[in-house]
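Colleague: Return atomic coordinates for the entry below.
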Amino acid sequence: MTEKKIKFLNYIKEHLSEKISKKVIETELGINDDEFAQLLKSLKNYGFKVIESDTHIWMESYPEIFSLTDIIIHTKVIGKKILPFFDVISTNDIALMLAIQGEKEGTVVISERQRKGRGKGGSVWFSPSDAGLWLSVIFRPKFHMTGVEKFTLLSAAVIVETVKELFNLDAWIKWPNDVMINDKKFCGILSEGKITSGTIDFIVSGIGINVNINKDEFPLDLQESSTSLNLELNQKVNRNDLFSAIMLNLDRKYELLKTNPEVVYKAWKQYSNIIGRRIKIQTPEGELEGAALDFDENGFLIIRLDSGIEKKITSGTITKVD
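Modeller: Residues are numbered from 1 along each chain as shown. Predicted coordinates for the structure are as follows:
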């Protein structure tokens, strides 16, 4: 039904503001009366302003996020197929389901709103309508991996570079999965996937970016720790332009990861603010302190403990940086 929804949406968009015969739509799309009614109800639930008479329908406007499918992005892999939604539990949930079903690499699932966007450790990412970019990208790389962290840092480096290029904002990566401006979080990344014996079936990277959220719109517990691009710039940001730039940069960085990975590894280190500094980190083994030395090729953090022992950290939360 998803493919039929997209075809139905595209057909209506092509005839925006025109009165279209219901029978003509059914004939051209090869659907019956019941399917037509279901698809029309679905569009209305997504927030589309669709008007209908007994014989015709016409659409006055559609949510901004759906205009992303109109953008021509000159990429090799990423964003060649975009699946827009208006209201979902989580874009990662949809992308993971599609990946299991064989959806091709580079497909992007994006939604106007997430009700329970997932963050690290089961946290919920605040994802309101008309205010952010909430998206997930499917990767099917053909190289050996031991975890998904590499794709979290790949996406994080892309976000840092994009906001630097577009807005001249001094963003940086807070390992492992946050992107910060002025010590406040504006982007979170969650990578998940299926890896068997070092062979990747797929990776899904979910990216949540606070674009046009005012401070008083954040929940109280996030107002001091979170920010958005419009708060930092004091102006509204065009989400379509931002999305296009991210897709282009992610496509280029992904190609580099396959052909010249050292360049990407250096970017992780360059955009992090912890390398060379003393940190305190909460890990599954307990709290550790030491000097952050480097990231390895998988995106794991290497620290030197006070005992002099070097240790590789595969997951954790940095609680203090000196």
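Colleague: okay, the spatially most central residue of the chain: pLDDT?
Modeller: In the chain, the centroid-proximal residue (C-alpha atoms, centre = their mean) is I207; its distance is 2.3 Å. pLDDT for I207: 97.
Colleague: pLDDT score for V24?
Modeller: Note for V24: predicted pLDDT of 90.
Colleague: Just say helix, strand or coil for it.
Modeller: Under DSSP: H, G, I helix; E, B strand; the rest coil, the three-state class of V24 is helix.
Colleague: count of residues packed around it?
Modeller: 13 (other C-beta atoms under 10 Å). (C-beta placed from N, C-alpha, C; glycine too.)
Colleague: Over to T146?
Modeller: Neighbourhood size, T146 [other C-beta under 10 Å]: 14.
Colleague: That one contacts N298, doesn't it?
Modeller: Yes - judged on C-beta atoms under 8 Å, T146 makes contact with N298 at a distance of 5.5 Å.
Colleague: sorry, back to before: what's the residue nearest to the centre of the chain in contact with, if anything?
Modeller: 133-137, 155, 159, 187-189, 246 (C-beta atoms under 8 Å, 6 or more residues apart in numbering).
Colleague: which is the next helix or strand following the lowest-mean-pLDDT helix or strand in the chain?
Modeller: Of all helical and strand segments in the chain, the minimum by mean pLDDT, DSSP states H and E falls on helix 2-14, at a mean of 74. Per DSSP states H and E, helix 2-14 leads on to strand 20-21 as the next helix or strand towards the C-terminus.
Colleague: neighbouring contacts of that following strand?
Modeller: Outside of strand 20-21, the residues within contact range by C-beta under 8 Å, 6+ apart are 12, 55-58.
Colleague: S244 should be in a helix, yeah?
Modeller: Yes - counting by three-state DSSP, S244 is found in a helix.
Colleague: how far away is it from R277?
Modeller: 35 Å (C-beta to C-beta, to the nearest Å).
Colleague: I'd like the distance from T314 to P284, if you could.
Modeller: 9 Å.
Colleague: Same drill for these two, tell me which one is more crowded.
Modeller: The neighbour comparison of T314 against P284 (other C-beta under 10 Å) goes to T314, with 15 against 8.
Colleague: what about S244 and R277, which has more around it?
Modeller: The neighbour comparison of S244 against R277 (other C-beta under 10 Å) goes to S244, with 19 against 11.
Colleague: Double-check the more buried one against I73; I have them as touching.
Modeller: Yes - with contact defined as C-beta under 8 Å, S244 counts as touching I73 (5.8 Å).
Colleague: who touches Y265 in this structure?
Modeller: Neighbours of Y265 in contact, by C-beta under 8 Å, 6+ apart: 295, 297.
Colleague: Secondary structure element for it, which one?
Modeller: helix 261-271.
Colleague: Next, the buried residues of the next helix or strand after that helix.
Modeller: Downstream of helix 261-271, the first helix or strand assigned by DSSP H and E is strand 278-283. Across strand 278-283, burial judged by 16 or more other C-beta atoms under 10 Å covers 279, 281.
Colleague: angle of whatever helix or strand comes next after strand 278-283 against helix 261-271?
Modeller: Under the assignment DSSP H and E, the closest C-terminal helix or strand after strand 278-283 is strand 286-295. Interaxial angle, strand 286-295 versus helix 261-271 (axes from the mean of the first three to the mean of the last three C-alpha atoms, to 10 degrees): 120 degrees.
Colleague: where do the strands sit along the stretch 51-200 of the chain?
Modeller: 56-61, 82-88, 108-114, 117-118, 124-125, 132-139, 171-174, 178-181, 184-196, 199-210 (DSSP state E, counting those that start in this stretch).
Colleague: Contacts for the first one next, please.
Modeller: Outside of strand 56-61, the residues within contact range by C-beta under 8 Å, 6+ apart are 12-13, 15-22, 25, 40, 43, 48-52.
Colleague: Roughly how far does E112 sit from F86?
Modeller: In terms of C-beta to C-beta, E112 sits 5 Å off from F86.
Colleague: Noted, bye for now.
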